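Enquirer: predicted structure and sequence below. I'll ask about it afterward.
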Amino acid sequence: MDSYVVFDIETTGFNSVNDRIIEIGAVRVVEGEIKETFSEFVNPERPIPYKITQLTTITDDMVKDAGTIEEILPQFLKFCEGSVLVAHNAGFDTVDKMPEFQHKTSNNAYHKKREAHS
């Protein structure tokens, strides 16, 4: 494995089906060294609950001018292109569980590759 991307997402809650992404962070590792980073807030288009702000320190003010998932997700997918994905919290951060990823990426190469290997 020459290149992989370790990513972590923060959301508006703990329900991977109903909550929205508020931050995507990632590092690209090539031959054991961090070569690139990706860090973007995402405007969830809904208020961030107080308990999530306490946990993540991400506030509504921090995301209010950020791009929506429709804007940020293509940037993230481009960053990940050609790399194996490694989730920081695989039980929650897997892209297959997040409806935002499923809906916004249904026609992209990520899903086409997964379907070909299924």
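Expert: Thanks, I have the structure now.

Enquirer: use CA for all of it now, contacts and neighbours both
Expert: Will do.

Enquirer: neighbours of V27, how many?
Expert: For V27, the count of nearby residues is 20 (other C-alpha atoms under 10 Å).

Enquirer: pLDDT score for it?
Expert: V27 is assigned a predicted lDDT (pLDDT) of 97.

Enquirer: cool, the one 3 residues further on as well?
Expert: On pLDDT, V30 comes in at 92.

Enquirer: that one: what's it in contact with?
Expert: Going by C-alpha atoms under 8 Å, 6 or more residues apart in numbering, V30 touches D2, S3, Y4.

Enquirer: can you tell me which of these are in strands?
Expert: Counting by DSSP state E, the contacts of V30 place S3, Y4 in strands.

Enquirer: report the longest helix in this protein, please.
Expert: Scanning the chain for the longest helix, with DSSP state H as the assignment, gives helix 69-80.

Enquirer: now that helix: average pLDDT?
Expert: Computed over helix 69-80, the average pLDDT equals 94.

Enquirer: one step back: most neighbours among the contacts of V30, please name it.
Expert: Among these, Y4 has the most neighbours (other C-alpha under 10 Å), with 20 neighbours.

Enquirer: before we move on, back to that, pLDDT and distance to N15 for the contacts of V30 - can I get that in JSON lines?
Expert: Formatted as JSON lines, these follow (pLDDT from 0 to 100; distance: C-alpha to C-alpha, whole Å):
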{"residue": "D2", "pLDDT": "80", "distance to N15": "33"}
{"residue": "S3", "pLDDT": "87", "distance to N15": "30"}
{"residue": "Y4", "pLDDT": "94", "distance to N15": "27"}
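
Enquirer: all helices for the chain, in order.
Expert: 50-56, 60-63, 69-80, 90-93, 99-104, 109-117.

Enquirer: so what secondary structure elements neighbour the third one?
Expert: I take that to be helix 69-80. strand 21-30, strand 33-41, helix 99-104 (3 or more C-alpha pairs under 8 Å, 6 or more residues apart in numbering; DSSP states H and E).

Enquirer: I appreciate the help and will end here.
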